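Q: Fold the following for me, if possible:
(one chain, ligands or ions: 2)
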Amino acid sequence: MTAGAEKQPEDGSHEKQNVHLDSTKQAAASPVYTMQAFFDGKMKVEDFARSEQERPTVPHDIFDDTLPVVDIAAIKDGTAEERRANVVKMLKAAKSWGFFKISNHEIPLQVVLSNLQLIFVTADHACDEAVKRVKKNGKQFFALPMERKLPVRAPDFVFGYTGGSPVNWKSKWWLEALMIKVTDEALDDMIGQVFPDEKDFGVRFKEDLKAFFSPMHELSRFIVEELTEALGLERDTFTRLETPGSNCTGRMNHYPVCPNPDSVLGIPPHADTQLLGILHQDDTGGLQVLKDGEWVGIQPDDSTFVVNIGDTFQAITNGILRSAAHRAVVNAKKDRYSTIYFYGIDNSITLTVPPKLITEDRPLKYRPFTVREHRKYIVDNEVPINAVQHLEINPEATALFLEKLFG
Ligand SMILES: O=C(O)CCC(=O)C(=O)O
Ligand SMILES: [Fe+2]
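A: Numbering: from 1, shown residues only. Ligands and ions are numbered 1, 2, ... in the order given. Here you go, the predicted structure:
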């Protein structure tokens, strides 16, 4: 998730990866995180234990293979019939599951793996020369000692390194994550901070990250626009709200192996904030989606990515698209890694549902909101499962709004 409670100018212009603070100041401003406390011996696995009702009932390696798979190449270059069939399938999945897989997306897996292995290494995939070199040098981000990772931490819990959830939260997360705002400035900040003495490596690292982020960005826009058009709106109704103040973020999650996986959660049930996310998970398994009240394990496979609708897309489509709750469970055998590209629109613009999506059968459900305020709500409330509900309006307010809108 890309949640945060940054205290920054309302125009969002100064939202950046805050890595320049000196570490003493950072330490004072930032919470201590659960995995950090665990690695330091200050927390035990038992301290991560969830209540009976919250515990994962489905293990990490039990999957359901019914998640729809959408063929992106067929939408781009297929016959009219193939295109229609896949767009219909995608819209249906976005409404019912809030999740779908995409195949033939034209982003070579190696692009994801080789550059992200610079951050974390999934040994099975370590075939690329660059990856081997990085492994040997021990430069993978997550393998760095905590004191080198922590300064990349942003106190706003949006961009930077977080070693779990803040220890003072009720919810104790078993993961560490790196969130990178996808701008040149943010990437330079992060790389300069982590690898200050290795300029050549830094340049290559950044090139590799961008080689991943750029096509993910294009792919995200394409999917958003196809869904928008399928809803009967102008194609760029939402993508035109993308600005430099948008929240397009890369997120890398590392779930360390856990001796007692049935009692903890990597990430508890939540929905993502932005318009959509595109996820790659390694072959371990652990992503689970709430579908019709049941937790469904999503089978890892290297030929597809997993796409999910975020709260912002649900709210600005008047609830037509679904931002589904999902969670990550961990296991006792092997570390797990996942990588997500989150596509977001401007943080500060007031978003409203397009009138075309408000009908007698589907009255206006969500009040005007900004992405920034929604993210703040999510963090302030420790990432609740159905955060989007706080954007709902009550019937009286709806009637007033509709009267204003339609006279
Ligand atoms: O690791 C996963 O599979 C899910 C991660 C996730 O939901 C998130 O980072 O928001
Ligand atoms: Fe998520």
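Q: Show me what counts as buried in stretch 242-254.
A: 242, 245-254 (16 or more other Cβ atoms under 10 Å). The C-beta positions use only the backbone N, C-alpha and C, and glycine is treated the same way.
Q: Could you list every helix and strand in contact with the helix ranked longest in the chain?
A: In the chain, taking DSSP state H as the definition, the longest helix is helix 199-230. Applying 3 or more Cβ pairs under 8 Å, 6 or more residues apart in numbering; DSSP states H and E, one finds that helix 199-230 contacts helix 72-77, helix 80-96, helix 109-116, helix 184-194, strand 249-255, strand 276-281, strand 336-343.
Q: how about the next helix or strand after the second one as PDB, C-alpha atoms only?
A: The helix or strand immediately downstream of helix 80-96 is strand 99-103, counting by DSSP states H and E. Only the C-alpha atoms of strand 99-103 are listed here, as PDB (Å, rounded to 0.1, in the frame of the first residue of the first chain):
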ATOM      1  CA  PHE A  99      -8.200  -8.100  -9.400                       C
ATOM      2  CA  PHE A 100      -7.200  -9.700 -12.600                       C
ATOM      3  CA  LYS A 101      -4.100 -11.100 -14.200                       C
ATOM      4  CA  ILE A 102      -2.600  -9.700 -17.400                       C
ATOM      5  CA  SER A 103      -0.700 -11.800 -20.000                       C
END
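Q: going forward can the numbers begin at 53, since that is how I track them
A: Right, with 53 as the first residue, what we last looked at is strand 151-155.
Q: looking at the helices and strands packed on helix 251-282, which is buried most?
A: strand 388-395 (a mean of 25; mean count of other Cβ atoms under 10 Å).
Q: Parallel or antiparallel, list what pairs with it.
A: strand 301-307 (antiparallel), strand 328-333 (antiparallel) (DSSP bridges).
Q: near ligand 1 at all, the first one?
A: Yes - contact of strand 301-307 with ligand 1 is found when judged by Cβ under 6 Å from any ligand atom, involving 303, 305.
Q: report the angle between the axes of that strand and helix 251-282?
A: For strand 301-307 against helix 251-282, the angle by axes from the mean of the first three to the mean of the last three Cα atoms, to 10 degrees is 110 degrees.
Q: what helix or strand does A229 sit in?
A: strand 228-233.
Q: The residue in the stretch 103-252 of the chain positioned nearest to ligand 1 pairs with what?
A: When distances are taken as Cβ to the nearest ligand atom, the stretch 103-252 of the chain reaches nearest to ligand 1 at A229, 6.7 Å away. According to DSSP bridges, the partner residues bridging A229 are T214, N305.
Q: I'd like the distance from it to ligand 2, if you could.
A: 10 Å (Cβ to the ion, to the nearest Å).
Q: same deal with E104?
A: Counting by Cβ to the ion, the gap from E104 to ligand 2 is 24 Å.
Q: I'd like to know how many residues surround that residue.
A: Per other Cβ atoms under 10 Å, the neighbour tally for E104 reads 7.
Q: Please work out how many residues are found near the residue of the stretch 103-252 of the chain closest to ligand 1.
A: 24.
Q: wait, what's in contact with it?
A: 213-214, 303-306 (Cβ atoms under 8 Å, 6 or more residues apart in numbering).
Q: Is it possible to get TSV of these that adds pLDDT and distance to D314?
A: Shown next, in TSV, are the contacts of A229 (pLDDT from 0 to 100; distance: Cβ to Cβ, whole Å):
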residue	pLDDT	distance to D314
Y213	78	27
T214	79	24
R303	86	25
M304	84	25
N305	88	20
H306	87	20
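Q: Including distance to Q366, could those go into a markdown table?
A: Below are the contacts of A229 laid out as a markdown table (distance: Cβ to Cβ, whole Å):
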| residue | distance to Q366 |
| --- | --- |
| Y213 | 29 |
| T214 | 25 |
| R303 | 19 |
| M304 | 25 |
| N305 | 22 |
| H306 | 28 |
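Q: ok so, going back, ok, of the helices and strands packed on helix 251-282, where does mean pLDDT dip lowest?
A: Per-stretch mean pLDDT for these is lowest at helix 161-168 (a mean of 62).
Q: now, which of the contacts of A229 sits nearest A137?
A: When these are compared for distance to A137 (Cβ to Cβ), R303 wins out at 31.7 Å.
Q: ok, that closest one touching I392?
A: Yes - using Cβ atoms under 8 Å, R303 makes contact with I392 at a distance of 4.5 Å.
Q: and the stretch 303-452 of the chain, which residues reach ligand 2?
A: Counting by Cβ under 5 Å from the ion, the positions of the stretch 303-452 of the chain adjacent to ligand 2 are D324.
Q: same thing but 8 Å
A: Contact residues, the stretch 303-452 of the chain versus ligand 2 (Cβ under 8 Å from the ion): 319, 322-324, 329, 331, 360, 378, 380, 392.
Q: Perfect, I'm done here.
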